[in-house]
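> can you look at this prediction? I've put the sequence above it.
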Amino acid sequence: MVRQLFMAIAVAGFGLMAIPAHAASCADRDTVVKRLESQYDEMLSAGGLQTIRNKQTLVEVWSSQETGTFTVMLTTPDGLACVVATGTDWHQIDMDALPQGSES
């Protein structure tokens with residue numbers, strides 16, 4: 001009984017801790033962009049549209065050649081941007097320098 005109670009409290013606690021972390025990683029897109037530009041010296045490097053359940057989301061990769069940091073951000077049509085990944089040691093691939101594949 002004590003073990004089950006402890007597990008229930010632990011699961012609830014972990015669930016509650018995830019709410020503020022998720023909320024802190026989302027904001028108005030303009031706010032997120034200003035922070036990426038000013039605090040991390042990042043600029044838009046790549047992007048595209050992702051469609052899930054008939055709703056499109058803008059997927060963007062922001063990176064800095066100066067610091068090597070990068071951020072992956074998803075933005076909803078209403079302007080809510082959420083940071084879904086960050087990292088270091090970003091490198092850009094020159095697609096023109098890659099060998100061309102053979103025709104099938």
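On my side now, so go ahead. Numbering: from 1, shown residues only.
> who's in contact with the closest residue to Met73 other than its chain neighbours?
Nearest residue to Met73 in three dimensions, chain neighbours excluded: Glu60, at 4.9 Å (C-beta to C-beta, 6 or more residues apart in numbering). Every C-beta, even on glycine, is put in place using the N, C-alpha and C of the backbone. By C-beta atoms under 8 Å, 6 or more residues apart in numbering, the contact list for Glu60 reads Leu44, Ala46, Gly47, Val72, Met73, Leu74, Thr75.
> filter these down to the buried ones, PyMOL style.
Selecting in PyMOL just the buried members of these, where the criterion is 16 or more other C-beta atoms under 10 Å, is done with this command:
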select buried, resi 72+73+74+75
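> looking at this structure, which helix or strand is least sure?
Of the helices and strands making up the chain, the lowest-confidence element is helix 2-24, at a mean of 41, by mean pLDDT, DSSP states H and E.
> residues contacting Glu37?
Taking C-beta under 8 Å, 6+ apart as the contact definition, Glu37 lies against Met43.
> C-alpha coordinates for the helix or strand in which it is found, CSV please?
Per DSSP states H and E: Glu37 is located in helix 29-40. These are the backbone C-alpha positions of helix 29-40, laid out as CSV (Å, rounded to 0.1, in the frame of the first residue of the first chain):
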residue,chain,number,x,y,z
ARG,A,29,7.1,33.9,-32.3
ASP,A,30,8.4,37.4,-32.4
THR,A,31,9.5,37.1,-28.7
VAL,A,32,11.3,33.8,-29.4
VAL,A,33,13.0,35.2,-32.5
LYS,A,34,14.2,38.3,-30.7
ARG,A,35,15.7,36.2,-28.0
LEU,A,36,17.5,33.8,-30.5
GLU,A,37,18.9,36.8,-32.4
SER,A,38,20.0,38.9,-29.4
GLN,A,39,21.1,36.3,-26.8
TYR,A,40,22.4,33.5,-29.0
